[in-house]
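1. Just a sequence and a predicted model for now, questions to come.
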Amino acid sequence: MSLPFNLDVRELGDGRVLVKLELQAAYPQHSSLVMRGDGGQQEEPLEFQTQANGHDLFTVALDVGQPFDYALHVTTPCESCWLTPKGEEHDRLPHNWFRYERRTPAADAPAAAARRQVASMLCYKPHLCPAFATPAWVRDAVFYQIFPDRFARGESAHTLPRVQPWGTPPTNGNFMGGNLQGILDRLDYLVDLGATALYLTPIFQSPSNHRYDTMDYFAVDPHLGDMELLRRLVSTCHLRGLRVVLDGVFNHCSDQHPFFVDVKRQGRQSRYWEWFHIRNWPIPDHFDSQQQALHWYDCWWGFHTLPKLNYYHCDVQAYFLKVATYWLREADIDGWRLDVPNEVLQSFWPKFRCAVKAVKPDAYIVGEIWDDATSWLQGDQFDAVMNYRFQRSLIGYFAEERMDTRAFDSTVREILVAYPEPAAAVMLNLLGSHDTVRPMTIARWHYSDARRAIDSLKLMAAMQFTFLGAPCVYYGDEIGLQGGKDPDCRRCFPWGWEQQDEDGDQKSELLAYYKKLIALRKANPALRSGAFYPLEANSHRQLYVFERRCPGNRCIVALNSSGRDYLFSLPGDFPATELLSNQPIRGGRVTLPARQAIVVRLEAPVVEQRPEPVPPMRVRLRPGRLGRGAHSSSYGLGGVRRRRAEPD
């Protein structure tokens, strides 16, 4: 969310103070003013007055006699933020406050001079580029996300002295001994799967198993390995066609980080005092509850182990620019995944992009933004974000059945038009992650029948691997690994499952399916970089059909969520092949089985695409022997037009 705003504060003749706020009317929003003073803190809602010239106008009249600090709180359907003198802030409480001082006009001053007006555009306004470059290799990439402590244990690397047996149920505090050597030992598996890029969750020195609480940003955690081993892993990956992206946690650090420890010991005498948001000192060593630490310092979601860094301090920004470029130079990594970047001062990210791209122009910068990320994807900050909007739509449609086909289609279209093409083409399209319930577990919660759950996961994967952007497989999802909420979604990869598991046949089926999807994606450029044309969104029949098209390659993808087979009639009299079964299609018809997907390659000429795609042909769906004779309606024919960034 990026909110340009105008703020006008003036004294009225009756002793009251009028606050007027103008916001761009981009979406429904609620605004309030939070004041703090000697009498404590209170919140006053701003009343909506009118909409004019594309802006919503809110006002509130305050009866106050003393100076006070204030900030504005704005809530939209997507998120909420604070508007402060330093721009947007996204924490529980603002770090910066406006200050109002009542002023008495001079006796000879005109009445207008007694009015104090504050009007400024304080939010970060991204520099909009008519066309910007994102890494070309990401368009062809298949990512594989690894949680290092749980993927594989290599015996020659460092291990913890009290490591748990592999496969022990995960907790917030236990360690399984997975490490970088384990990843190196399993590269054959990853290459055979078809992965072309690895995304590793944090590997820097940390006291936890997840390592999102960094103690040393310039050291590999000794339980995972060391710099030499990381370099060997990266260089070996490059030789085998794999890129490596690391996870950067730059919003907060560990409370055991030497800089924060120094602040606790020396207080204001510490050179790092202003690197954090300290409210009170001395800081105790123990807290009774999660939120208690907020009385002393700002920390992520109130966790005392995660003190928040102060990006208004120039030394903090310089430090993390050095961190970002260090690993690009020293380990030759291929990019950064950024943890909670929406909680970092947004004006820092253009500097981050410039520094990273100066060292490695094709480095990939992907942010963890769960909702609308428009203001971060204008060419001056991130290349892409983790596509959680897409992930939620896949789960909601194919697993939970809480949205129908037309709602799913609407969500897909919104995702496509939300961002400029260079960003949309390299979005990180995930299905599972270290922060979410495993997709197979969600499917099993909804379906008591294991067969239905497997079919649901396969439909989600089929959509994931044929959609615009780079698919990302969370380790183990390719064999249906289960897991509930964090930390249960971080179970150990069950190596040797072929001989040990009762459901080994199901795992083998899923693994073969993932390999097939990856292979056909690599073999068909339309599925990686072609235009996206929705063809059919039929809620009654639970059918979703679209085409991916580029010069020389056309693929039609049809996903059937229903329990009925349908005969799928192809457009024109062209030779065609169903790619998942590798079967030729004769007579222009192919069966679309219940709860399955088909990917059809048309051996038809493709006209060079125009800047604005023309509506494609209509796809006719006829019910098979299990279907009814109802006529299939077609919804939303035509190419999706993506929004393009315009210059300032």
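-> Cool, the structure landed. Predicted model only: the values in this text are computed from it and were never measured.
2. where in the stretch 401-550 of the chain is pLDDT low?
-> When residues are selected by pLDDT under 70, those of the stretch 401-550 of the chain lie in 501.
3. could you pull out the strands for it?
-> In the stretch 401-550 of the chain, strands defined by DSSP state E, counting those that start in this stretch lie at 428-430, 470-474, 531-538, 543-550, listed in chain order.
4. nearest to residue 513, of these?
-> strand 470-474 (11.9 Å; Cβ to Cβ). The way it works is simple: take the backbone N, C-alpha and C, and place the C-beta from them, glycine included.
5. mind listing what the closest one pairs with, with the direction of each?
-> Taking DSSP bridges as the criterion, strand 470-474 sits next to strand 143-146 (parallel), strand 428-430 (parallel) in its sheet.
6. Save these as CSV, and put in distance to residue 136 and mean neighbour count too.
-> Formatted as CSV, these follow (distance: least, Cβ to Cβ, whole Å; neighbours: other Cβ atoms under 10 Å):
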stretch, distance to residue 136, mean neighbour count
strand 143-146, 15, 26
strand 428-430, 16, 26
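7. Mind putting those strands into a markdown table with distance to residue 44?
-> What follows is these, written out as a markdown table (distance: least, Cβ to Cβ, whole Å):
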| stretch | distance to residue 44 |
| --- | --- |
| strand 143-146 | 45 |
| strand 428-430 | 41 |
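8. among these, which is nearest residue 369?
-> Within the strands paired with strand 470-474, the stretch nearest residue 369 is strand 428-430; the backing value is 10.6 Å (Cβ to Cβ).
9. Run the chain-centre distance for the closest one.
-> On the basis of Cα atoms, centre = their mean, to the nearest Å, strand 428-430 sits 8 Å off its chain's mean C-alpha point.
10. go on, stretch 521-541?
-> The chain centroid and the centroid of stretch 521-541 are separated by 22 Å, computed with Cα atoms, centre = their mean.
11. Dump the C-alpha coordinates for that stretch into PDB.
-> Below are the C-alpha coordinates for stretch 521-541, written out as PDB (Å, rounded to 0.1, in the frame of the first residue of the first chain):
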ATOM      1  CA  ARG A 521       7.200 -26.500 -18.800                       C
ATOM      2  CA  LYS A 522      10.900 -26.600 -19.900                       C
ATOM      3  CA  ALA A 523      10.000 -28.000 -23.300                       C
ATOM      4  CA  ASN A 524       7.300 -25.400 -24.100                       C
ATOM      5  CA  PRO A 525       8.300 -21.800 -24.100                       C
ATOM      6  CA  ALA A 526       4.700 -20.700 -24.100                       C
ATOM      7  CA  LEU A 527       4.300 -22.100 -20.600                       C
ATOM      8  CA  ARG A 528       7.300 -20.000 -19.400                       C
ATOM      9  CA  SER A 529       6.900 -16.700 -21.200                       C
ATOM     10  CA  GLY A 530       3.900 -16.800 -23.400                       C
ATOM     11  CA  ALA A 531       0.800 -14.600 -23.200                       C
ATOM     12  CA  PHE A 532      -2.000 -15.700 -21.000                       C
ATOM     13  CA  TYR A 533      -5.500 -16.000 -22.400                       C
ATOM     14  CA  PRO A 534      -8.500 -17.100 -20.200                       C
ATOM     15  CA  LEU A 535     -10.800 -19.200 -22.400                       C
ATOM     16  CA  GLU A 536     -13.400 -20.800 -20.000                       C
ATOM     17  CA  ALA A 537     -14.400 -20.200 -16.400                       C
ATOM     18  CA  ASN A 538     -17.500 -22.400 -15.800                       C
ATOM     19  CA  SER A 539     -18.600 -22.600 -12.200                       C
ATOM     20  CA  HIS A 540     -21.400 -25.000 -13.000                       C
ATOM     21  CA  ARG A 541     -19.100 -27.600 -14.500                       C
END
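12. Show me which positions of it end up buried.
-> Applying a neighbour-count criterion of 16 or more other Cβ atoms under 10 Å, the buried positions in stretch 521-541 are 521, 524-528, 530-539, 541.
13. Out of the strands paired with strand 470-474, the one nearest residue 604 is which?
-> Taking Cβ to Cβ as the measure, the strands paired with strand 470-474 were each checked against residue 604, and strand 428-430 came out nearest at 27.0 Å.
14. Helices of the stretch 401-550 of the chain, residue ranges please.
-> Taking DSSP state H, counting those that start in this stretch as the test, the helices found in the stretch 401-550 of the chain are 405-418, 421-424, 439-446, 450-466, 497-500, 504-523, 525-529.
15. Pipe these into CSV and attach distance to residue 6 per row.
-> Shown next, in CSV, are the helices of the stretch 401-550 of the chain (distance: least, Cβ to Cβ, whole Å):
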stretch, distance to residue 6
helix 405-418, 26
helix 421-424, 29
helix 439-446, 44
helix 450-466, 43
helix 497-500, 60
helix 504-523, 48
helix 525-529, 42
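16. show me the contacts for the residue nearest the centre of the chain.
-> Among the residues of the chain, the smallest C-alpha distance to the mean C-alpha position (Cα atoms, centre = their mean) belongs to residue 386, namely 2.6 Å. If you count contacts by Cβ atoms under 8 Å, 6 or more residues apart in numbering, residue 386 has them with 337, 366, 367, 368, 369, 370, 428, 430, 433, 472.
17. and the nearest residue to residue 456 once chain neighbours are set aside, how far is that from residue 393?
-> Setting aside the residues directly before and after it, residue 456 is nearest to residue 443 in space (Cβ to Cβ, 6 or more residues apart in numbering), at 4.2 Å. Summarising the geometry, the distance separating residue 443 from residue 393, computed by Cβ to Cβ, to the nearest Å, is 15 Å.
18. neighbour count winner among those two?
-> In terms of neighbours (other Cβ atoms under 10 Å), residue 443 is the more surrounded of residue 443 and residue 393; the figures are 25 against 22.
19. so that one touches residue 452, yeah?
-> Yes - under the contact definition of Cβ atoms under 8 Å, residue 443 touches residue 452, with a separation of 7.5 Å.
20. quick one: residue 145 from residue 167, how far?
-> 20 Å.
21. one step back: among the contacts of residue 386, pick out the one closest to residue 586, please.
-> Using Cβ to Cβ as the measure, the one of these that approaches residue 586 most closely is residue 472, at 36.7 Å.
22. The closest one and residue 350, how far apart?
-> The gap separating residue 472 from residue 350 is 25 Å, by Cβ to Cβ.
23. So the two - more neighbours on which side?
-> More neighbours sit around residue 472 than around the other of residue 472 and residue 350, counting by other Cβ under 10 Å; the figures are 27 against 16.
24. If we ignore the residues flanking it in sequence, what's nearest the more buried one?
-> Once its chain neighbours are removed from consideration, residue 472 has its nearest residue in residue 143; the separation is 3.8 Å (Cβ to Cβ, 6+ apart).
25. Need the pLDDT of the one you found.
-> Reported pLDDT at residue 143 in the predicted model: 98.
26. can you list the domains in this protein?
-> 5-105, 142-250+332-523, 252-308, 525-623 (automatic domain parsing).
27. would a markdown table of these with distance to residue 320 be doable?
-> Formatted as a markdown table, the entries for the domains of the chain read as follows, by distance: least, Cβ to Cβ, whole Å:
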| stretch | distance to residue 320 |
| --- | --- |
| domain 5-105 | 18 |
| domain 142-250+332-523 | 5 |
| domain 252-308 | 10 |
| domain 525-623 | 33 |
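28. Kindly compare burial across those and name the winner.
-> Taking mean count of other Cβ atoms under 10 Å as the contact definition, the stretch among the domains of the chain with the greatest mean neighbour count is domain 142-250+332-523, which reaches a mean of 20.
29. measure it end to end?
-> Between the opening and closing residues of domain 142-250+332-523 there is a gap of 13 Å (Cα to Cα, to the nearest Å).
30. Can we start the residue count at 131 from this point?
-> Got it, the first residue is 131 from now on, which makes the last one we talked about domain 272-380+462-653.
31. residues contacting residue 598?
-> The neighbourhood of residue 598, defined by Cβ under 8 Å, 6+ apart, consists of 546, 554, 555, 557, 662, 678.
32. how does it look with 10 Å?
-> 269, 517, 520, 542, 545-546, 551, 554-557, 559, 657-662, 678, 770, 772 (Cβ atoms under 10 Å, 6 or more residues apart in numbering).
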